[in-house]
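[1] Following is a predicted model, sequence given first.
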Amino acid sequence: MHHRSHRALFIPLLIAALILGSCSSDSDTAKADTKSEQSTATVADGATDGDATAVGQMGPTAAGWTKVPAPVSCRCSDNTNYHYWVRPANPKKVLFFLAGGGACFSADTCSAEGATYTRNLSDDAAPEGEGIFDLDNKANPLADYSMVYAPYCTGDLHLGTKVNDYGEGVVIHHNGFVNGTTAMAAAAALFPEATEVVVAGSSAGSAGAPAYG
């Protein structure tokens, strides 16, 4: 019991450290990119590195999920801020989950008018209690797992690494691999004692999951 109470305090502190650390590190990288004139992405007006205000309130939900602002190198397709979700539980068992949300590959499919994918995280919320996220279901084999959930907003199966100009004013940040690997690095830092790790996904996330596995 004593060990658990220390861990309950340690996990939120480590989440905070990850936020501050990634912001500091990414800021230095951004400065270096500016000097070398190699950076191709432009941060949206008002966006800041790990802007907690832009992605919502910090702190755990009733189900124990915490929204973690990602560094500014993580972007959604429309160059808005990105975040991921963390739910601490058994430190030796971890689920890393890649969310779904369609894909795009042309001016027609990527435009705001004809979007066939999730463009940003403005309507994003913590995973609800269905399927493997039904934590009260005794038949759910992952109910006691710690979980890191990577939302999806890049139209690239969580695998993109570039800004693509499709013409007709449609410029898309296919930044899914940066977003996903940032969330995965957080999972490794938060749960270094893990001996069982499940990598899973839905829809577009299931297509990208083998690469992360």
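    In hand now; what should we look at?
[2] Please count neighbours and contacts with C-alpha atoms only from this point.
    OK.
[3] just the helices in the protein please.
    Assigned helices in the chain, in chain order: 2-36, 52-55, 107-110, 176-190, 204-212 (criterion: DSSP state H).
[4] Confidence-wise, which of those helices is weakest overall?
    If you rank the helices of the chain by mean pLDDT, helix 52-55 sits at the bottom with a mean of 34.
[5] Tell me the bridge partners for the closest residue to residue 187 other than its chain neighbours.
    Counting by Cα to Cα, 6 or more residues apart in numbering, the nearest residue to residue 187 once its immediate chain neighbours are dropped is residue 148, at 6.2 Å. On DSSP bridges, the residues paired with residue 148 through beta bridges are residue 86, residue 96.
[6] Run through the residues that contact residue 148.
    Taking Cα atoms under 8 Å, 6 or more residues apart in numbering as the contact definition, residue 148 lies against 84, 85, 86, 87, 94, 95, 96, 97, 183, 184, 187.
[7] Enumerate every residue touching the first one.
    The reference is to residue 84. Contact partners of residue 84, counting by Cα under 8 Å, 6+ apart, are 67, 68, 69, 70, 148, 149, 150, 151, 183.
[8] Just confirm the second one contacts residue 86, I think it does.
    Yes. Using Cα atoms under 8 Å, residue 68 is in contact with residue 86, at 7.3 Å.
[9] Count the neighbours of residue 150 for me.
    Close neighbours of residue 150, defined as other Cα atoms under 10 Å, add up to 26.
[10] Enumerate every residue touching it.
    Going by Cα under 8 Å, 6+ apart, residue 150 touches 83, 84, 85, 96, 97, 98, 99, 179, 180, 183.
[11] Which of the contacts of residue 148 sits closest to residue 118?
    The shortest distance between residue 118 and any of the contacts of residue 148, using Cα to Cα, involves residue 84 and amounts to 14.9 Å.
[12] Quick check: that closest one vs residue 106, distance?
    Applying Cα to Cα, to the nearest Å, the value for residue 84 to residue 106 is 27 Å.
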